[in-house]
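**Q** Predicted model, plus sequence, below.
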Amino acid sequence: MAKPSKRMSAASALVDRDSVYEPQEAFDLLKRAPAPKFDETVEVCVRLGVDPRKSDQLVRGAVSLPKGLGKTVKVIVFAEGDKAEAATAAGADEVGSDELAAKIQDGWMDFDIVIASPDMMRHVGKLGKVLGPQGKMPSPKSGTVTPDVGNAVTEFKAGKVEFRTDSGGNVHAPLGKRSFATDDLLINFRAFMDHIMTMRPSAVKGTYVRRVSVSTSMGPGAFVNFGA
């Protein structure tokens with residue numbers, strides 16, 4: 001096992017893994033830690049009391065973060081005609097149909113979000129084995145399959161994030177950049193957690209949110225009080 005770097009060791013020393021911090025204190029701790037040479041992403045991980053093997057306990061969706069993400073999001077759109085024009089006008093990085101599907105099948109993956117109008121799913125459906133493992137397959141639940149592709153592009157460019165439970169029942173999402181003011185990270189955190197709390201599947205019994213932690217890309221995680 002590789003020895004932790006001096007920076008990581010110093011960062012880990014700031015965080016007590018046995019403590020649960022208030023969100024503001026946690027973000028302040030993350031921002032005080034020694035920084036790498038790039039502006040890290042601040043992330044949240046929510047451990048849910050769901051059984052990820054059961055489809056009726058899947059938690060999947062998207063939420064707009066009021067303070068954005070602090071980064072350029074590459075959005076591609078499957079659309080034709082007026083919808084394609086609307087997507088282009090909204091700032092989509094690439095718009096197409098069958099030729100765009102072929103490009104992805106050939107290995108091109110230089111994008112963050114895939115949006116599709118419902119009539120284009122005949123092309124997108126063939127990409128499940130490629131986009132699925134990357135978490136990029138469009139879905140009506142996450143707002144990425146929609147007739148209003150122009151508005152969807154605008155929202156995701158402005159800081160809307162997709163999320164879904166992984167095989168361990170966790171949900172991960174970015175909250176912004178380390179350079180963000182603590183108050184802005186707090187606003188995005190609360191928006192995300194408020195949305196997660198509304199998505200409790202009816203099939204889930206007992207505790208829904210079990211644990212919440214925040215971290216930077218290259219730093220330790222801090223457990224936080226999520227206010228439920």
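**A** That came through, no problem.

**Q** From I196, how far out is E99?
**A** 37 Å (CB to CB, to the nearest Å). For every residue, glycine as well, the C-beta is placed using N, CA and C.

**Q** For the two, indicate the residue with more neighbours.
**A** I196 (23 against 8; other CB atoms under 10 Å).

**Q** Wasn't that one part of a strand?
**A** No - I196: not assigned to a strand; according to DSSP: H, G, I helix; E, B strand; the rest coil it is helix.

**Q** Quick check, pLDDT for G219.
**A** With respect to pLDDT, G219 has a value of 86.

**Q** Verify the contact between it and L30 for me.
**A** Yes - counting by CB atoms under 8 Å, L30 is a contact partner of G219 at 6.1 Å.

**Q** distance between the ends of stretch 48-65?
**A** 21 Å (CA to CA, to the nearest Å).

**Q** What are the buried residues along that stretch?
**A** 48, 50, 52, 57-59, 61-65 (16 or more other CB atoms under 10 Å).

**Q** Over to stretch 175-182?
**A** Buried, per 16+ other CB under 10 Å, within stretch 175-182: 175-178, 180.

**Q** Those residues: which two are farthest apart?
**A** Spanning the widest gap among the buried residues of stretch 175-182 are L175 and R178, at 10.2 Å by CB to CB.

**Q** shared neighbours of those two, anything?
**A** 41-42 (CB atoms under 8 Å, 6 or more residues apart in numbering).

**Q** distance of H172 from V46?
**A** Distance from H172 to V46, by CB to CB: 8 Å.

**Q** Looking at those two, which one has more neighbours?
**A** Using other CB under 10 Å as the criterion, H172 and V46 rank with V46 on top: 23 against 15.

**Q** mind listing what the stretch of helix or strand the more buried one belongs to pairs with, with the direction of each?
**A** Element membership of V46, judged by DSSP states H and E, is strand 41-48. Strand partners for strand 41-48, identified by DSSP bridges, are recorded as strand 170-177 (antiparallel), strand 209-216 (antiparallel).
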